[in-house]
Every structure is written in C-alpha cells, then in structure tokens.
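Undergrad: Curious how this folds, go ahead:
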Amino acid sequence: MDKKILLMILFIIVCAPSAFAENKQYHTRLLAVEEQASGLSGSIADLTLEIREGTGRVFIDTFPLTKFDTQISTRFAKEIACDYLDFECNKYDFIYTIKADSSVIGGPSAGAATTLLTIAALKDDVIPQDIAMTGTINSGGFIGPVGGLKEKIEGAKEAGITKVLIPKGKGTVKLTNDTALQCDILYCKLVEDVKEIDLVSYGKSIGVDVVEVATLDEALHEFTGADIPEVDESLLVNNKYKDVMQGLANTLCKRTNDITKDTVNTSTNISALIVSVNNLTQASKDSFANGDFYSAASFCFGANVKAREALFRSQNLESKGLLDEFNKLNNAINDFEIQVENKEIKTITDLETYMIVKERLIEAHDTLNDSIKAMKNNEDPLPSLAYGYERLASADSWSNFFGVEGKGFILDKKALEDSCKNKISEVEERLQYVALFFPNIPLQRKELDRAYEELNVKSYELCLFQASKAKAEVDVVISAYGVDVDKVNELMQAKNSITKKLIAKEVKNGIFPILGYSYYEYANVLSKTDPYSALLYYEYALELSNLDIYFTEKTKSEPLKSDYISADAVKQIIILIIGLAIGTIIGFAIKNKKKVYPQSVPKVRKRLSNKKQTKK
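TA: Residues are numbered from 1 along each chain as shown. Presented below is the predicted three-dimensional model:
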C-alpha cells in the first residue's frame with residue numbers, strides 16, 4: 001500500500017502543473033500598410049507574444065506572409081527589450097505571431113511596437129488596446145522613422161484606435177499628387193502637386209490623438225504612464241578612460257612638436273602645411289581645455305599627418321630614401337600587428353579597442369601601398385606615406401585601452417561570427433525598407449561591402465565594426481530625410497540625450513563602450529558647427545555603445561528581478577506546492593484510515609521487533 005500512496009503523490013505532482021498551468025499570451029495591434037491598385041492603404045495586424053522556457057530563440061509566424069521577412073527586426077526588438085530591462089533572456093524562447101486580414105508590408109516598421117510588447121510581457125504589464133505605435137527600433141531604444149504614416153493613422157481610426165505614437169520629427173509629411181500642366185504666356189510645363197500635411201492636426205480632425213516620441217522611455221510613458229528616468233551624468237565617464245584618453249591625446253600632441261622641430265621650411269608648400277599644423281594644434285588645445293580628449297587627439301592626429309608630410313618634403317627624399325621609408329613602415333606595421341593579434345579579448349572595451357587598432361593598422365597598410373603605387377606612377381607619394389606613419393602611431397596609442405577592467409563576455413569566434421551576420425542582416429533589411437518607402441534617398445553600401453569583405457576573410461570583429469557603421473549611416477539618412485532645417489537641432493538634441501542615457505546605463509552595468517563614448521564626445525564638438533556630421537557620429541555612438549546585446553556574459557547568473565516573467569514561474573511553483581500538499585493530505589488520510597485494521601498492528605510490531613534484534 002505504501003508504494004501505491006507514493007505513486008499517487010507523484011502522479012498528482014506531475015499532472016497538476018499540466019492540468020492547471022497555461023502559457024499566457026500578450027497582444028498589441030500593429031499599424032501597417034498594404035499595397036492596392038490605387039497605392040498604399042492603412043491596415044491593422046495583430047501581434048501576440050508567448051514566452052516559454054528555452055534557450056533564447058525567436059520564433060515568428062505570420063499570416064498572410066509579410067512582404068519582407070520580419071525575423072531580423074523581431075529578433076533585434078527582443079534583444080533591445082531584454083537589454084532595456086537588463087533581463088537574461090537566453091533562458092526563454094519567444095514566440096511571436098502576426099496575423100492580418102491581408103498581406104501587409106513587414107520589415108523593421110513594427111520594431112518599436114514589438115519591443116514594447118516584449119517589455120510588457122517580461123514585466124507582466126498590460127498594453128492598452130486603444131493605443132498603437134509605428135516606428136523602427138534602433139540601438140539605445142531610439143524610435144526611428146517609417147513610411148506610410150498618414151495611411152497608418154487612417155487605418156488606426158477605422159480600427160477604433162484613439163492614440164497613435166509616431167517617430168519624433170515626422171509629424172509633417174509631404175504628399176505628391178499627380179502632375180499638373182502649368183502654363184504662362186511663353187510656355188507650359190509639368191509640375192508636381194506637393195501638399196504638406198501636419199499629421200498631429202490631421203489625426204485630431206479624424207479623432208485620433210497623434211503623439212511624437214523619440215525613445216522607448218517616452219513610448220512607455222504614453223502607454224503605461226511610467227516615469228521617464230533621469231540620466232546620472234556622473235556615470236558617463238570612468239576615471240580609467242579619462243586617464244588613458246588624456247594620455248593618448250598627450251602622446252599624439254607631443255608628436256606634433258617632435259616632428260616639426262626637425263622640419264626645415266624651404267618651400268611655399270611646406271609653409272602651407274605648417275599653417276595647417278598650427279591651426280589643428282590650436283583646435284586641439286581648445287578641445288583639451290574643455291576636457292574633450294578624443295577630439296583633442298583627433299585634431300593632433302591631423303596635425304601630425306601634415307607635420308610628417310612637411311618633414312618628408314624638407315628632407316628632399318630620393319627614390320632610395322623613399323624605399324627605405326617604405327620598408328621601415330612596413331616592418332613596423334607587421335611587428336605591431338603580431339602584438340595585437342596576441343591580445344586576449346575579454347571585455348567589450350577590449351573588443352572595441354581591437355576594432356579601432358586593427359582598423360588603423362589596415363589603413364596604415366593601405367596608405368603605404370598607395371604611396372608605393374604613386375611613386376611607381378611618378379605621382380606624389382608623400383601625403384599617403386605621412387598618413388600611414390601617423391595611422392600606425394595612432395594605433396599604438398589606442399592599444400593602451402587593452403586590459404581596462406570591465407564585465408567579461410564570451411567573445412569567441414562563433415559568437416563574433418554570429419554578431420557580424422546579425423548586424424549585416426539588420427542593415428540589409430533596412431536597405432530593403434528604404435528602397436520601398438524612401439526610393440529617392442541616396443544610400444551608399446561602402447561600409448556594408450567592407451563588412452562582407454571582412455566576413456569572407458573571417459575577420460569577424462572588423463565585420464561587426466563595419467556593419468555597425470553601415471547601419472548607423474542608413475539610420476541617420478532616414479532620420480534626417482525630410483526634416484526641416486529648423487528641426488535638425490531638435491533631432492540632434494534627441495540623439496544626444498538617448499546616447500548619453502545609453503552610455504550611462506552601460507557604465508552602470510560594468511561596461512565602458514570606448515568607441516561609443518569617443519564618437520559621442522566628437523559628435524558634441526561637431527554639433528556646434530556641423531549638425532549633420534554630428535548626427536552621423538551620434539548614430540555611430542549609439543550602434544557601438546550597445547554591442548553587448550549580441551554577446552553572453554561569462555558569469556551571467558539567474559534572473560535577479562523576480563517580478564520579470566515571474567507570473568508563470570510563480571504559478572508553476574504554487575501548483576507544485578498545492579500538488580505536494582494534496583498528495584501529503586491524501587497520504588496521511590489513507591495511512592490514518594489503515595490504523596483501524598487490526599492486521600496492520602502485527603506488521604508494525606514485527607518490523608520493530610526485527611529492528612531490535614538487529615541492534616542486538
């Protein structure tokens with residue numbers, strides 16, 4: 001009978017969870033567009049998410065099939081959500097389902113909404129069904145622009161949605177109607193009928209509250225009323241970075257004096273170079289005084305290139321002298337490259353240091369070859385030769401960031417290869433989307449092509465670097481496209497704010513994104529004179545400050561926040577405890593009931609008697 005009781009208890013324990021537990025689903029509505037004979041039309045799709053125990057995989061099912069594969073943007077949205085909450089998602093699988101009445105256009109336009117839904121699921125929050133949003137999700141949680149906004153707002157109205165969130169800076173759209181024949185006294189011409197629409201006012205006119213948002217924080221505030229966290233600016237820079245970057249700037253700026261002191265001013269060309277050196281040196285001093293050490297180092301590097309060229313010109317190098325310089329530089333590059341390849345990459349800082357050092361060594365090699373080729377073609381080899389020398393010196397200075405303490409990650413070849421391919425896929429998806437909605441935007445594939453080249457030679461670190469820059473370049477063109485000049489500063493301030501917040505968060509988590517911070521600092525300097533270049537460097541900073549989402553921490557522990565995804569886990573534990581309790585109660589009931597039978601007493605006495613005999 002004891003065995004039967006035990007089996008009954010085990011049966012209850014095993015069956016109770018499966019009998020009572022259910023996988024909770026989370027839902028939101030997506031704003032989409034569908035292609036019709038008359039053009040694009042607003043449409044609504046349903047997005048549901050179910051989270052189960054697993055290994056961090058992302059599954060997506062769409063019906064009907066979307067025009068673009070949404071797997072890439074969905075995976076990225078999930079990573080952004082996990083990073084936003086600092087939640088370990090590699091213990092769970094994410095199952096997304098998109099259903100629509102007709103074939104809608106997918107791609108990255110649902111990225112922001114997918115991220116919001118994932119955050120809600122991980123926190124077990126509820127997303128209101130009368131609010132919807134559209135926008136891409138970018139590194140750092142920046143909400144990027146999408147197409148078809150007017151049509152999406154109209155689709156929202158038809159579906160009973162009362163509030164629509166759109167990317168900040170895109171509240172005005174220009175619509176082109178059919179061309180019309182316009183004539184004056186002399187001639188006639190075809191002109192496009194361009195109409196500008198304020199989407200906020202348009203939404204109000206049809207009963208939809210249109211709100212512009214720039215970040216996930218702002219979107220969550222609109223959805224749930226959550227407070228927007230302040231940035232702790234004291235976290236932006238750690239003392240180690242300051243010390244190393246200041247030392248780097250000092251080293252490069254000292255080189256300027258060392259090079260120019262041996263330069264003999266013998267020609268007008270040299271005089272012009274010296275003027276450039278002096279101007280760049282002054283710019284460096286100004287940046288140094290403001291604590292912008294990366295900018296100071298950049299200006300000194302430029303000064304060194306000009307000073308090195310002036311030195312070569314003052315030496316009147318002949319063919320033999322040039323060949324000696326070629327060999328000297330080539331040997332120095334090769335020797336230093338061996339040292340770099342032997343460095344152990346443990347942290348994100350190490351990874352970014354490797355990226356920037358390796359890139360400079362490649363550039364030094366390339367410019368050396370350009371210089372050799374120029375000499376063979378009877379062209380001027382000195383500018384390229386000077387640049388190669390100083391690029392090597394710059395690589396050497398940046399190598400001082402190897403070994404800066406930080407959180408450890410698994411950065412083996414497999415992890416790096418996966419990160420490279422994922423980032424390339426993100427770029428390709430955006431390029432497809434741009435081709436459909438923004439066909440007039442001129443986009444270059446230079447950085448993306450370089451990423452593919454690095455992938456082919458299995459240089460995955462540089463592949464990730466180039467692909468990150470390629471994605472930044474696509475994003476900045478899209479975000480600035482159609483933005484009025486008077487709103488560029490507003491866009492730039494939004495990028496500044498979110499980049500600052502991202503870097504502060506990374507530092508708080510024990511990660512210092514050296515490249516991300518350096519580009520952020522440089523963007524701040526450029527913002528005063530060249531806002532469009534500043535926007536590009538803010539995008540670089542965003543992409544390169546969030547690389548940790550592609551890698552697993554070496555000492556990652558169990559999730560610390562019990563309120564995240566704990567609903568199902570707690571439910572399972574409660575059911576297990578109930579099963580144990582019921583089983584125990586039944587067991588005691590049966591056991592107590594057995595005591596009324598006389599035959600059970602001798603058996604117990606017999607067992608006790610046997611034990612006593614054993615003790616003897």
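
Undergrad: can you tell me how far the residue nearest to the spatial centre of the chain sits from residue 517?
TA: Geometric centre of the chain, nearest residue: residue 139, 3.2 Å, by Cα atoms, centre = their mean. Distance, residue 139 to residue 517, using Cβ to Cβ, to the nearest Å: 14 Å. Where you see a C-beta, it was placed from the backbone N, CA and C, and this is true even at glycine.

Undergrad: Identify the contacts common to these two.
TA: Among the neighbours of residue 139, those also in contact with residue 517 (Cβ atoms under 8 Å, 6 or more residues apart in numbering) are residue 545.

Undergrad: tell me which residues of the helix or strand harbouring residue 156 are tucked away?
TA: Using DSSP states H and E, the element containing residue 156 is helix 149-158. For helix 149-158, burial by neighbour count (16 or more other Cβ atoms under 10 Å) applies to 149, 150, 151, 152, 153, 154, 155, 156, 157.

Undergrad: residues near residue 460, how many?
TA: By the measure other Cβ atoms under 10 Å, the count of residues near residue 460 is 21.

Undergrad: Residue 201 and residue 126: what is the separation?
TA: Counting by Cβ to Cβ, the gap from residue 201 to residue 126 is 30 Å.

Undergrad: what about the strands in the chain?
TA: 25-36, 39-53, 58-63, 92-100, 131-133, 136-138, 142-144, 163-167, 172-183, 188-198, 209-213 (DSSP state E).

Undergrad: which stretch among those comes nearest residue 547?
TA: Residue 547 sits nearest to strand 136-138 of all those, at 13.8 Å, using Cβ to Cβ.

Undergrad: for the closest one, the distance to its chain's centre please.
TA: Centroid separation for strand 136-138 versus its chain: 9 Å, with Cα atoms, centre = their mean, to the nearest Å.

Undergrad: Redo the strands of the chain as a markdown table? Include mean neighbour count and distance to residue 325.
TA: Shown next, in a markdown table, are the strands of the chain (neighbours: other Cβ atoms under 10 Å; distance: least, Cβ to Cβ, whole Å):
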| stretch | mean neighbour count | distance to residue 325 |
| --- | --- | --- |
| strand 25-36 | 20 | 60 |
| strand 39-53 | 18 | 60 |
| strand 58-63 | 16 | 53 |
| strand 92-100 | 19 | 57 |
| strand 131-133 | 25 | 59 |
| strand 136-138 | 27 | 45 |
| strand 142-144 | 27 | 46 |
| strand 163-167 | 22 | 52 |
| strand 172-183 | 10 | 55 |
| strand 188-198 | 10 | 58 |
| strand 209-213 | 18 | 56 |
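
Undergrad: Residue 120: which of those strands is closest?
TA: Using Cβ to Cβ, the strands of the chain put strand 25-36 closest to residue 120, at 5.8 Å.

Undergrad: Give me the angle between that closest one and helix 149-158.
TA: Put simply, strand 25-36 runs at 120 degrees to helix 149-158, going by axes from the mean of the first three to the mean of the last three Cα atoms, to 10 degrees.

Undergrad: who does strand 25-36 pair up with?
TA: Using DSSP bridges, the strands paired with strand 25-36 are strand 39-53 (antiparallel).

Undergrad: Convert the strand it pairs with to PDB, retaining C-alpha atoms only.
TA: Once non-C-alpha atoms are left out, strand 39-53 reads as follows in PDB (Å, rounded to 0.1, in the frame of the first residue of the first chain):
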ATOM      1  CA  GLY A  39      -1.500  52.800 -53.900                       C
ATOM      2  CA  LEU A  40      -0.700  52.200 -50.200                       C
ATOM      3  CA  SER A  41      -3.600  51.800 -47.700                       C
ATOM      4  CA  GLY A  42      -3.600  51.700 -44.000                       C
ATOM      5  CA  SER A  43      -4.100  48.300 -42.300                       C
ATOM      6  CA  ILE A  44      -4.100  46.700 -38.900                       C
ATOM      7  CA  ALA A  45      -2.300  43.500 -37.900                       C
ATOM      8  CA  ASP A  46      -2.400  41.600 -34.600                       C
ATOM      9  CA  LEU A  47       0.900  40.800 -32.800                       C
ATOM     10  CA  THR A  48       0.900  38.200 -30.000                       C
ATOM     11  CA  LEU A  49       3.800  37.000 -27.900                       C
ATOM     12  CA  GLU A  50       4.200  33.900 -25.800                       C
ATOM     13  CA  ILE A  51       7.300  33.300 -23.700                       C
ATOM     14  CA  ARG A  52       8.400  29.800 -22.700                       C
ATOM     15  CA  GLU A  53      11.400  28.200 -21.000                       C
END
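
Undergrad: For the closest residue to residue 203 other than its chain neighbours, give me its contacts.
TA: Nearest residue to residue 203, sequence neighbours excluded (Cβ to Cβ, 6 or more residues apart in numbering): residue 210, at 3.5 Å. With Cβ under 8 Å, 6+ apart as the criterion, the residues that contact residue 210 are 153, 163, 164, 166, 171, 199, 200, 202, 203, 204.

Undergrad: In this structure the first one contacts residue 199, no?
TA: Spelled out, that is residue 153. Yes. Counting by Cβ atoms under 8 Å, residue 199 is a contact partner of residue 153 at 6.4 Å.

Undergrad: Give me the common contacts of these two.
TA: With contacts defined as Cβ under 8 Å, 6+ apart, the residues shared by residue 153 and residue 199 are 166, 210.

Undergrad: what's the spacing between the residue lying closest to residue 131 once chain neighbours are set aside and residue 207?
TA: Closest residue to residue 131 apart from its sequence neighbours, by Cβ to Cβ, 6+ apart: residue 163 at 4.5 Å. Separation of residue 163 from residue 207 (Cβ to Cβ) stands at 11 Å.

Undergrad: got it, and residue 113?
TA: Per Cβ to Cβ, residue 113 is found 21 Å from residue 207.

Undergrad: Look at these two and report which has more neighbours.
TA: Neighbour count, other Cβ under 10 Å: between residue 113 and residue 207, residue 113 has more, with 24 against 11.

Undergrad: Bridge partners for residue 196, pull those for me.
TA: Applying DSSP bridges, one finds that residue 196 bridges with residue 174.

Undergrad: Surely it is in contact with residue 172?
TA: Yes. Applying Cβ under 8 Å, one finds residue 196 in contact with residue 172, separated by 6.1 Å.
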